[in-house]
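Novice: For reference, the sequence and a predicted model appear below.
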Amino acid sequence: VSLGWDPDCLDLTRPVNPLVEAFDTAAEISARRATEPVYAIWKVKRVLNVGSERKLKEAIKTVHVLVSEIVRAKKKSLEIGTGEEAKQDLLSRFLAAGHDCEAVR
């Protein structure tokens, strides 16, 4: 809804979308940080780029790449002028207001 893009998450006959999978992975790992018995464990793993922190870094990179593609496509469709109904999602509103693509991502 916020990106104006449908990842077909409810269609169980389709494979899991890479953006959805990466976002879920990043959210799960981030939430698990709070349950670490020693606070510094995830920080050490992040510095060493190992384990779940490596997966988190990869998932965030995937999310950034795929969302950047969606933002570029949306910006292009707004420039072409595909109609007012296309401007109802949050992403379209931010882009129409002149926000930078990097900031929107």
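Specialist: Cool, the structure landed.

Novice: in the protein, which helix has the most residues?
Specialist: If you go by DSSP state H, the chain has its longest helix at helix 51-80.

Novice: tell me which strands and helices it is in contact with?
Specialist: Helices and strands touching helix 51-80, by 3 or more Cβ pairs under 8 Å, 6 or more residues apart in numbering; DSSP states H and E, are helix 18-33, helix 40-48, helix 90-96, helix 101-104. From N, CA and C alone the C-beta is placed, and that goes for glycine too.

Novice: Buried ones in that helix, by neighbour count?
Specialist: Neighbour counts using 16 or more other Cβ atoms under 10 Å place 52-53, 56, 59-60, 62-63, 66-67, 70-71, 74-75, 77-78 of helix 51-80 among the buried residues.

Novice: relative orientation of that helix and helix 40-48 in degrees?
Specialist: Interaxial angle, helix 51-80 versus helix 40-48 (axes from the mean of the first three to the mean of the last three Cα atoms, to 10 degrees): 70 degrees.

Novice: tell me the phi and psi of residue 39?
Specialist: phi -50, psi -40 (degrees, to the nearest 10).
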